[in-house]
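Visitor: this one's structure only:
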């Protein structure tokens, strides 16, 4: 088994115009010869709007197929099996389903068990959702939905997390809480791949490397290289 | 497995808390009550027509619920952002998600069909003087065929929904089923006296697909029954129709499963 969390080779994504009535030419979003996450820590993914950050994350997670290339997580191809926690930018949760029911369906965890877990003082305050158990999941605010998705992802004890624009739309308190939580996770030997435009200072100080997509290429920089 | 049963549970709750299922069930019951009231004022031969109409309406209602449910599965869960975005990175296979969704919808259709047929066969004759066929088994066959047909529609709509937008999938599936229903040769079937004659009047190609046509249009059974006195279809006929329907349903589901494994889940 490979020691790297992620190895992707010869990745290329070409947007194809499939609209019969449009003459927009096909466009290559990015070509990446090699991509690797070999140790725990925070990796930021940055780039201008439309550069293909979310598409890259989705290709890495197997949600979308790259035009060419191969993605291996933990030395295996096409086998995530809950090893990654994915927090999408705008999660679409099932309608008319309560938070407690969603947790039960995804984790097999009864609401009472969650309340019991959260009553422990060591449980992170930014992840407490027991007050939302009776609320309909799709009606929660963005911050609450993110907390829910993070809780769901954390409970399956993944080796790492992939987060797509986790700070957009959050209030300043929630941003700080989330940044603290992500730093805590990276200190616990998790890797975190975060696509973002605006990383809070608390997070910037702990970034191991930054991947920047520009001109169809991906460049790797040490530390946080996103302009403030 | 836990997550797959979780998806089935979620689909049940989504549907039972939504308006579409209850509206469909209540519309079906109201329609059956109206037909029973009308049959009280009808002449003998009109009773038969009303009975056929009540079967047709129940059948159509189930078909519409199945088509609309199936056509939107792939779009809401896979093409657009949906539960696949949560479950796929968590290690649940795409085909498990689709299979769980289809299985849940098929169970809902079964419950809806059972509710309508039970009401028609058990409750209505008690409340009104609505005619009941002497052989109740024919209701069971009709129920089975209606359910199978709606499952076939569900699977075909799911497949078409994985290829095109839900609206086109609905129109495509309706077109396919209309071919079965609106066969011009149905008129000649009505004047035929035996199944053999009916098959002859359909022509060589259509007669090969007679069992399939029956699945698409269970009223053909009634058409046959109207010629005699509620003729019970043969076991071979029922088995053949069952096989055709299951084949169509599983084939379409297989194609849909193949399609979604290549589908991009976009943000």
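Guide: Okay, I see it. Bear in mind the structure is a predicted one, so any value in this text is a computation, not a measurement.
Visitor: how about the most centrally placed residue in chain A, secondary structure?
Guide: In chain A, the centroid-proximal residue (C-alpha atoms, centre = their mean) is residue A:163; its distance is 1.8 Å. Classification of residue A:163 by DSSP: H, G, I helix; E, B strand; the rest coil places it in strand.
Visitor: which other helices and strands contact the longest helix along chain B?
Guide: Ranked by residue count, the top helix of chain B under DSSP state H comes out as helix B:44-74. In this structure, helix B:44-74 packs against helix B:19-40, helix B:94-118, helix B:137-163, helix B:166-181, helix B:219-227, helix B:235-260, with contacts taken as 3 or more C-beta pairs under 8 Å, 6 or more residues apart in numbering or on different chains; DSSP states H and E. The way it works is simple: take the backbone N, C-alpha and C, and place the C-beta from them, glycine included.
Visitor: so is the second one next to chain A?
Guide: Looking back up the chat, that one is helix B:94-118. No: in terms of C-beta under 8 Å from any C-beta of the partner chain, no part of helix B:94-118 sits within range of chain A; the closest distance is 9.2 Å.
Visitor: ok, then the element right after that helix?
Guide: helix B:124-127 (DSSP states H and E).
Visitor: quick one: contacts of the longest helix belonging to chain A?
Guide: The single longest helix within chain A, with elements called by DSSP H, is helix A:172-187. Contact partners of helix A:172-187, identified using C-beta atoms under 8 Å, 6 or more residues apart in numbering or on different chains, comprise A:40-42, A:124-127, A:143, A:146, A:150, A:161, A:163, A:166-167, A:170, A:192, A:194, A:199-200, A:202-203, A:206.
Visitor: in it, what counts as buried?
Guide: Residues of helix A:172-187 classed as buried: A:174, A:175, A:176, A:177, A:178, A:179, A:180, A:181, A:182, A:183, A:185, A:186 (neighbour count, 16 or more other C-beta atoms under 10 Å in any protein chain shown).
Visitor: quick one: mean pLDDT for the helix or strand following the longest helix of chain B?
Guide: Moving toward the C-terminus from helix B:44-74, the next helix or strand (DSSP H and E) is helix B:83-87. The pLDDT scores in helix B:83-87 average 81.
Visitor: look up how far residue B:98 lies from the closest residue in space to residue A:223 that isn't next to it in sequence.
Guide: Of all residues not flanking residue A:223 in the chain, residue A:207 sits nearest, at 5.9 Å (C-beta to C-beta, 6 or more residues apart in numbering or on different chains). Using C-beta to C-beta, to the nearest Å, we find residue A:207 at a distance of 39 Å from residue B:98.
Visitor: swap in residue B:255?
Guide: 11 Å.
Visitor: compare the two (neighbour count), which wins?
Guide: Per other C-beta atoms under 10 Å in any protein chain shown, whichever of residue B:255 and residue B:98 has more neighbours is residue B:98, with 24 against 17.
Visitor: quick one: residues contacting that one.
Guide: With C-beta under 8 Å, 6+ apart, residue B:98 has these contacts: B:73, B:74, B:77, B:78, B:158, B:256, B:257, B:260.
Visitor: farthest pair in the residues you listed?
Guide: The distance between the two most remote of these (C-beta to C-beta) is 12.9 Å, for B:77 and B:257.
Visitor: which one of these two is surrounded by more residues?
Guide: Using other C-beta under 10 Å, the more surrounded residue of residue B:77 and residue B:257 is residue B:77, with 27 against 19.
Visitor: tell me the most buried of the helices and strands packed on helix B:44-74?
Guide: Burial of the helices and strands packed on helix B:44-74 is given as mean neighbour count (mean count of other C-beta atoms under 10 Å in any protein chain shown); helix B:137-163 ranks first at a mean of 24.
Visitor: and chain B, which residues reach chain A?
Guide: So chain B meets chain A at B:2-3, B:6-7, B:9-10, B:13-14, B:17-18, B:80-91, B:262, B:264-267 (C-beta under 8 Å from any C-beta).
Visitor: pull out the buried members of those.
Guide: Here, 16+ other C-beta under 10 Å leaves B:3, B:6-7, B:9-10, B:13, B:81-91, B:265, B:267 buried among the residues of chain B next to chain A.
Visitor: for chain A, what spans make up the strands?
Guide: In chain A, the strands defined using DSSP state E lie at A:6-15, A:27-37, A:41-47, A:68-73, A:76-77, A:84-87, A:160-164, A:191-195, A:207-214, A:217-222.
Visitor: partners of the longest one, with directions?
Guide: Looking back up the chat, that one is strand A:27-37. Strands that pair with strand A:27-37, judged by DSSP bridges, come out as strand A:6-15 (antiparallel).
Visitor: show me what counts as buried in the partner strand.
Guide: A:6, A:7, A:8, A:11, A:12, A:13.
Visitor: which ones are touching the residue in chain A that chain B sits nearest to?
Guide: Per C-beta to the nearest C-beta, residue A:105 is where chain A lies closest to chain B, at 3.1 Å. Listed by C-beta under 8 Å, 6+ apart, the contact set of residue A:105 reads A:97, B:3, B:6, B:7, B:9, B:10.
Visitor: do that again at 7 Å, thanks
Guide: B:6, B:9, B:10 (C-beta atoms under 7 Å, 6 or more residues apart in numbering or on different chains).
Visitor: and the buried residues of helix A:172-187 as CSV, adding pLDDT?
Guide: Listed next are these as CSV, based on pLDDT from 0 to 100:
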residue, pLDDT
A:174, 80
A:175, 84
A:176, 85
A:177, 83
A:178, 84
A:179, 88
A:180, 87
A:181, 85
A:182, 87
A:183, 89
A:185, 85
A:186, 86
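Visitor: tally of neighbours for the nearest residue to residue B:105 once chain neighbours are set aside?
Guide: Leaving aside its sequence neighbours, residue B:105 sits nearest to residue B:69 (C-beta to C-beta, 6+ apart; 4.7 Å). By other C-beta under 10 Å, the residues close to residue B:69 number 26.
Visitor: name the residues that touch stretch A:120-131?
Guide: A:99, A:114-115, A:117-118, A:147-148, A:150-151, A:154, A:177-178, A:180-181.
Visitor: and stretch B:59-67, by the same measure?
Guide: B:24, B:27-28, B:109, B:112-113, B:146, B:149-150, B:153-154, B:157, B:170, B:173-174, B:177, B:218-219.
Visitor: now swap in stretch B:250-258 and tell me
Guide: B:95, B:98, B:102, B:155, B:156, B:158, B:159, B:162.
Visitor: out of the residues you listed, who's nearest chain A?
Guide: Among the contacts of stretch B:250-258, and counting by C-beta to the nearest C-beta, the member closest to chain A is residue B:95, at 13.0 Å.
Visitor: which non-adjacent residue is nearest the closest residue to chain A within chain B?
Guide: Closest contact between chain B and chain A, by C-beta to the nearest C-beta, is at residue B:6 (3.1 Å). Closest residue to residue B:6 apart from its sequence neighbours, by C-beta to C-beta, 6+ apart: residue A:105 at 3.1 Å.
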